[in-house]
Structure formats: structure tokens, C-alpha cells
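**Student:** Generate a structure from the sequence data that follows.
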Amino acid sequence: MKERIVITGIGLISPFGDGVENFWEAIKAGKNGITKVSLFDASQLNCQVAAECKDFDASKYMDPKEAKRSDRYTHFAVAAAKLAMKDAGLDTETNIDPERFGVLIGSGVGGMDTIESQSRAFIERGPRRVSPFMIPNLLANMSSGVVAIDLGAKGVNFSVVSACATGTHAIGEALLHLQMGREDVILAGGSEAAVTPLSFAGFCAMKAMATNFNDQPERALRPFDADRCGFVMGEGAGVIALERYDHAVARGAKIYCEISGYGATCDAYHITSPDVEGKGLALCLKRTMEDAGVPLDEIDYINAHGTSTPYNDKFETAAIHKVFGPHAKKLMVSSTKSMTGHLLGAAGAVEAAVCALALKDGIVPPTINYEHPDPDCDLDYVPNAAREYPLKNVISTNLGFGGHNGALLFKKI
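**Tutor:** Just a heads-up that it's a prediction; the model follows:
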């Protein structure tokens, strides 16, 4: 019999500030974190809006000298990890064995600001001006390593990199390690800080980003709406403290929910487009429910990937129909990216936190900016206002370039 694994702590750095409380109040209220880009001059780009962490101060969580030497995405990860530890009441000196304490934090892009700033230094001032910290700072695994060093976590430690499915896969892989009994606690999630000129230029060149609402940033990201025109990038981090149930109970921990199912598949179809029939995601959803032992008619809510791109929302809807059949019409489905922006590699972790909080409080978060129904997107998207409901089983889905699919199932406890 598999170990029961629960969530005992949540750490978030988001466009709504540091921590869980501000974030969850904003999500329940349907607030929008998207504004005009302020981190750089975006006037020459087709997309000029983003969900930024404007008031974030790394020195609250790291030594200022260390912060200066590391990338913004690492700053976010360290902050979210420390917030998750505090929320869970965890301490390596009192209630965790460091050798049974792991960290699995990933990033879809890694140190993008480091890559850009050091490239400029090399081109403009020559090779002698390149920082000795460049290589460690740009690596996508560095946030996981720095968190472990800072917290003294000597158990499993690596990073998942699967584009926008990264956060979901990191939590799923942590679940597997805990179920094997190798660790007692794992901090898992994702961090991203890709609101940078080159990153924006690249996504704009792909025609993936929203371009029709630069003067109305609050309306730009509109999942499942007929007028959707692309995603809006967000930044931040989500770190979840996953713990063996017996370990959590023994120390009297508060428990948000149980995490009982994980699925991971590949479309094997196209580097950027989801499978047009949603077959890869459908298989992922089936595997997730089988892993949890929960029948499809007992799923209440899906926190969808819901990127607001024409293809994703249509094909994700198709996958849900394919798996759930008549029950699809009874499901509540929403995309909280409509409020947070798309946090790329951190999206799945932040949305896992949403699922845990939704189960705890019996609140289904809305999809905001849903104004014009699309015949290809015909589910209950919880439009524009949160809904009270006694949730028992919820699923979070995330998809990444390369055809990666990930899903997690969270259960009321």
C-alpha cells in the first residue's frame, strides 16, 4: 500500500505579493495582477503587458550580497521555500531529519536575466567582463540547490525542466519519492523570472502572446473566451511542503489536503502545439485518476492549464470531454492564469496551491475576463466570480512545449 502524502505548507511569491493570504484573497475576489510591463521598456514589442512581482525584496529572504550574485528566479524560489517552511511549521533542528528532507524545485527557463545581462557584457565590454557567477546563475537547477544549501536539506535534490508543466512534474516526482518512503518531507514546485526583453521578443516572434489589449492590460488574458488572443507572462514562484501523513500527524501539523494522484505523458505530436484531439492530455488525466483510485464521476473541479491561446483552450476542452464524457458538463473548470498571468515553469506549483486552498475553504476560483462564449469551449468555466462548493476531489493540469502533459489529483482530508 502506498504511503499517504499530504500538503502541510505553501509558499508563494506572486503578482499579489509575498505569501498565501494576499494571494488567496485576490484569487477569491477575482482580482487581476496584470499591468503594463515596468521591468523594462516594452514599447517596441507586440505584447506590452505582464503580471510582475513589483514589490518583491530579495533581501528579506537572503543575504543581500548573495542576492546580488544570484538570479531573480533563484530569489523567488528561496523566498517561496522559506515561506512554505514557515507555513508548515518545519525546522531541521526540531522536527525534520535533514537526511530525509528533499528539494525538487524546477524552472522552465532558468536564469533568463543572467543570460541577457551577461550576453550584453560580453558583446559590449569583452570576455573579461563576464561574471564568474554567470554559469551557476543561469542553470535551471540552481534554485533547488541554493534552497537546499540554505535550509540544510540533504535528501533528494534535482530540478525538473518541462517548460510550462515543470511545477506540476516537480510536485509529482516529489510525490513518488515520498511514496517510496525515502524522504519524510520534500519542498517541491517551480520558480520563474522571465519577464525580460529577449524572452518577450522570443514569445512574440512565435505569436504566442496577447497583443490586442496593450492599453487594457486587465482584459488581456481571457481563457476560453472567444476573443482570446494569446497568453500573458507572469513571474513568481510556488513551493509546496509535501509530507508523509504519519510524519505530519506525529508532529501535530496542520494539513491542507492529501495529494494522491499524478500523471505524466507526452503528445509526441508537435514542439509547440498540443495534440489537436487532446489525446496526450486525456491519457494523462486517466492515469492521474487511476493512480489516485478516484473514479471520474467523483471529480468536482479542474484547475485547467487555460493559457488563453486559441489552440490550448480548444484542445484542452476536447481532452476533458474525451475523458469525462457526460460528466464533463457537471465539472467546474477554471483558469486562474486569468488573474496571475502565465508563470511558465512556476504555473503548476502556484496552481497546485490554488487547488489545496480551494479544497480547504470550499471555494472554486473563477475564470475572469470570460465575456464571449466560444462554441469550441463549452464547459462550466466558473465565469468571473468564485463559487462556494464542498469540494472533495480536484485536479490541476499543465502542458508544456515539447508535448509534455502533467496532472495532479488533490483530495479533501
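
**Student:** Packing partners of the helix or strand where residue 120 lies?
**Tutor:** Using DSSP states H and E, residue 120 sits in helix 112-125. Using 3 or more CB pairs under 8 Å, 6 or more residues apart in numbering; DSSP states H and E, the elements in contact with helix 112-125 are helix 72-88, helix 134-138, helix 197-205. Where you see a C-beta, it was placed from the backbone N, CA and C, and this is true even at glycine.

**Student:** Out of those, flag the one nearest residue 260.
**Tutor:** Closest of the helices and strands packed on helix 112-125 to residue 260 is helix 72-88, at 18.7 Å (criterion: CB to CB).

**Student:** quick one: buried residues of the closest one?
**Tutor:** Neighbour counts over helix 72-88 (16 or more other CB atoms under 10 Å) mark 72-85, 87-88 as buried.

**Student:** Contact partners for the closest residue to residue 303 other than its chain neighbours?
**Tutor:** Excluding its sequence neighbours, the residue lying closest to residue 303 (CB to CB, 6 or more residues apart in numbering) is residue 396, at 4.4 Å. Shown in contact with residue 396 (CB atoms under 8 Å, 6 or more residues apart in numbering): 168, 302-303, 348, 351-352, 354-355, 407-408, 410.

**Student:** Throw those residues into a markdown table and include pLDDT and neighbour count, thanks.
**Tutor:** Compiled in a markdown table, the contacts of residue 396 are given as follows (pLDDT from 0 to 100; neighbours: other CB atoms under 10 Å):
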| residue | pLDDT | neighbour count |
| --- | --- | --- |
| 168 | 98 | 36 |
| 302 | 98 | 25 |
| 303 | 98 | 29 |
| 348 | 98 | 36 |
| 351 | 98 | 27 |
| 352 | 98 | 31 |
| 354 | 98 | 26 |
| 355 | 98 | 25 |
| 407 | 98 | 31 |
| 408 | 98 | 30 |
| 410 | 98 | 29 |
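
**Student:** Serialize these to a markdown table and add fields for distance to residue 401 and secondary structure.
**Tutor:** Formatted as a markdown table, these follow (distance: CB to CB, whole Å; DSSP: H, G, I helix; E, B strand; the rest coil):
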| residue | distance to residue 401 | secondary structure |
| --- | --- | --- |
| 168 | 14 | helix |
| 302 | 21 | strand |
| 303 | 20 | strand |
| 348 | 14 | helix |
| 351 | 18 | helix |
| 352 | 20 | helix |
| 354 | 22 | helix |
| 355 | 23 | helix |
| 407 | 17 | strand |
| 408 | 20 | strand |
| 410 | 25 | strand |
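
**Student:** Max pairwise distance over these: which two?
**Tutor:** 354 and 407 (14.2 Å).

**Student:** and of the contacts of residue 396, the nearest to residue 241?
**Tutor:** So of the contacts of residue 396, ranked by how close each gets to residue 241 (CB to CB), first place is residue 352, at 11.4 Å.

**Student:** Closest one of the buried residues of helix 72-88 to residue 106?
**Tutor:** Nearest to residue 106 among these is residue 77, at 9.4 Å by CB to CB.

**Student:** which ones are touching the closest one?
**Tutor:** 105, 107, 143-144, 146-147, 189, 191, 237, 239.

**Student:** Please apply the same query to residue 366.
**Tutor:** Counted by CB under 8 Å, 6+ apart, residue 366 has contacts 30, 334, 338, 382-387.

**Student:** how deep is residue 97 tucked in, by neighbour count?
**Tutor:** Residues lying near residue 97 (other CB atoms under 10 Å) number 13.

**Student:** Report pLDDT for it.
**Tutor:** If you check residue 97, the pLDDT there is 96.

**Student:** cool, and residue 277?
**Tutor:** Per-residue pLDDT puts residue 277 at 88.
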